[in-house]
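# model this:
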Amino acid sequence: MTDDVSFESLRRTGISFQPDSHIPEVIANKYQVKATGEEARKYDFVTARPPARTTNVLESIGYLTKSCLGAGVVAIHESYKDCGLWTGLILNIVLGLAISYGMYTLAKSAQKIYGRLQIPALSYPDLAQATLEIGPWKSLKRFSKCFRYTVDFILIIEIAGCCCIYQIVVARAIKQLVEGLDTVTDSRVGTSPSIRVYIISLMIPCILLCMITNLKYLAPFSTVADFFIVIMAIATVYFAVKSANISPLEMSFFKSVPGVFEFIGVCGFSMDGVGVILTIENSMTEPKKLPTVLIGGMTLVMLLVTTVGFFGYWGFGENTTTPVTINFPWEPFPIIMKVFLALMIYITFGLNFWVACDVMWFYLKSRHEPKKHWLWERVYRAVLVVFITIVAAAFPNVTKFIGLIGSFCLSNLGFIYPAFIELSLDWEDPGPGVFYWRLWKFVVIFLWGLVLCIAGSYVNARELIIRVFHKKNES
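Predicted coordinates:
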């Protein structure tokens with residue numbers, strides 16, 4: 001496994017403006033249909049890709065797993081508390097299947113359009129632009145660039161939001177270690193400062209970390225972080241079973257509708273890998289085996305997320321808090337876990353920040369002389385870290401922040417856009433189907449995504465704002 005493949009797997013967006021030799025790089029290019037019907041279906045995009053280090057099925061499963069497991073996994077147990085233990089378990093499984101289907105739809109659509117364009121690979125923004133440019137509805141063609149930029153923008157929101165969440169989680173972990181208490185509050189405790197002070201104090205260390213522009217210095221920590229998540233899940237089960245004082249059958253089955261939308265946002269954020277699925281497909285030796293990768297990778301992701309969520313809420317009860325390691329007892333091994341969590345998430349901040357800054361720098365570097373790129377890239381990196389820190393300090397409630405980002409980004413990138421792309425590419429070949437069933441399938445997915453986007457974003461944003469002002473009134 002070479003470093004360049006590892007780097008590509010870490011780029012959650014799969015955006016095409018890095019020098020990937022087989023991906024179109026110039027946004028100004030217009031996509032044109034070069035083959036249709038059987039000729040398009042027979043196009044061998046695998047052979048057309050230039051020689052490169054590719055990944056087998058097992059490696060691809062590993063990359064998908066590490067890409068999907070985000071910051072939400074350390075907060076999912078608190079979302080189980082919001083909607084009910086058994087409702088959360090059911091929704092966790094259903095949502096995992098829905099996210100998997102969204103990723104499959106996106107990859108299948110990409111492989112379909114390869115033949116029509118006679119292009120061997122595309123990123124998500126490329127696919128969005130190409131879909132409108134060659135789609136059946138000519139009136140939408142002028143919005144192709146807008147569609148591309150929208151996908152880019154939401155990907156940036158998702159990744160930058162993830163960085164905010166990482167800062168909050170690290171700050172909460174450090175706050176508990178400093179105060180030596182069994183739980184963590186966002187407000188001041190005695191002479192100990194509020195969580196906002198801890199978040200702001202992380203700004204300089206994060207700026208220094210983000211001055212690293214070469215991923216080869218950070219990539220090895222990704223594997224260590226994945227291993228830590230597995231250990232954390234096992235530890236959660238162990239300490240939860242020790243702490244539980246009631247049967248899971250006695251726990252609340254369902255709590256509230258707003259709690260359901262809060263849960264969906266956090267759970268979706270914890271398992272979403274739609275931004276990286278085309279990057280993985282582009283790197284596979286046998287990309288037509290992507291369904292196998294999705295089954296294997298998403299099964300592991302769902303298993304880890306449900307384990308932490310179910311046992312984290314059952315074992316630690318209504319007082320459970322985020323990150324899940326805060327609920328562990330003050331013993332040598334749990335203390336090591338608490339310290340290691342803060343360290344690993346701090347490093348992972350740098351990995352995710354690299355992608356967000358990569359996107360931003362692509363659009364900004366043309367404004368500066370090439371000889372000054374070294375300086376300006378680092379200036380923008382520092383500015384972005386400051387912005388992320390300000391947002392994190394302003395809204396330090398981690399679960400509601402995760403729910404807001406998850407609801408907005410997943411509904412669009414994971415459900416609405418893949419369904420629209422699929423419908424556009426299928427409308428003329430093979431057609432809308434009997435009784436326009438493909439159209440009705442799109443309508444159902446679109447409405448589901450729209451409800452999640454509006455209701456999920458509203459519920460989480462409302463709770464986020466209420467808790468911010470509540471904490472201010474307390475202090």
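
# Only C-alpha atoms from now on, for both contacts and neighbour counts.
OK.

# Low-confidence regions, the stretch 201-350 of the chain specifically.
By pLDDT under 70, the low-scoring segments of the stretch 201-350 of the chain are 215-219.

# Compute the distance from the centre of the longest helix seen in the chain to the centre of its chain.
When the chain is scanned for its longest helix (criterion: DSSP state H), the result is helix 144-179. Relative to its chain's centre, helix 144-179 lies at 9 Å (CA atoms, centre = their mean, to the nearest Å).

# helices or strands next to that helix in the packing?
Contacts defined by 3 or more CA pairs under 8 Å, 6 or more residues apart in numbering; DSSP states H and E place helix 144-179 against helix 124-134, helix 195-201, helix 332-364, helix 373-394, helix 398-409.

# Any stretches of the stretch 51-200 of the chain with poor pLDDT?
70, 186-187, 189-191.

# what's the distance between the residue most central in space within the chain and Ser424?
For the chain, the residue sitting closest to the mean C-alpha position, by CA atoms, centre = their mean, is Asp272 at 4.9 Å. Note on Asp272: its distance to Ser424, by CA to CA, to the nearest Å, is 23 Å.

# likewise Ile234?
According to CA to CA, Ile234 and Ser424 sit 44 Å apart.

# same check, this time on Tyr417
From Tyr417 to Ser424 the distance is 10 Å (CA to CA).

# residues in contact with Val46?
Residues in contact with Val46, defined by CA atoms under 8 Å, 6 or more residues apart in numbering, are 120, 285-287.

# quick one: it from Tyr101, how far?
23 Å.

# Could I get the full set of helices for the stretch 151-300 of the chain?
Secondary structure of the stretch 151-300 of the chain (DSSP state H, counting those that start in this stretch): helices located at 195-201, 203-210, 219-243, 257-271, 277-283, 290-316.

# Show residues contacting stretch 152-168.
Counting by CA under 8 Å, 6+ apart, 13, 15, 70-71, 125, 199, 202, 275, 345-346, 348-349, 352-353, 355-356, 359, 388-389, 391-393, 396-398, 401-402, 405-406, 409, 413 sit against stretch 152-168.

# Apply 6 Å and report the result again.
Outside stretch 152-168, the residues that touch it by CA atoms under 6 Å, 6 or more residues apart in numbering are 349, 356, 388, 392.

# count of residues packed around the residue nearest to the last one when sequence neighbours are not counted?
This means Ala392. Spatial nearest neighbour of Ala392, excluding adjacent residues (CA to CA, 6 or more residues apart in numbering): Cys164 at 5.1 Å. Using other CA atoms under 10 Å, Cys164 has 28 neighbouring residues.

# and if you look at Thr279?
By the criterion of other CA under 10 Å, Thr279 has 26 neighbours.

# And Asn352, by the same measure?
23.

# do the same with Glu39
Around Glu39 there are 12 residues (other CA under 10 Å).

# any idea which element it lies in?
Element membership for Glu39, per DSSP states H and E: helix 37-41.

# So what touches that helix?
Under CA under 6 Å, 6+ apart, the answer for helix 37-41 is 115-116.
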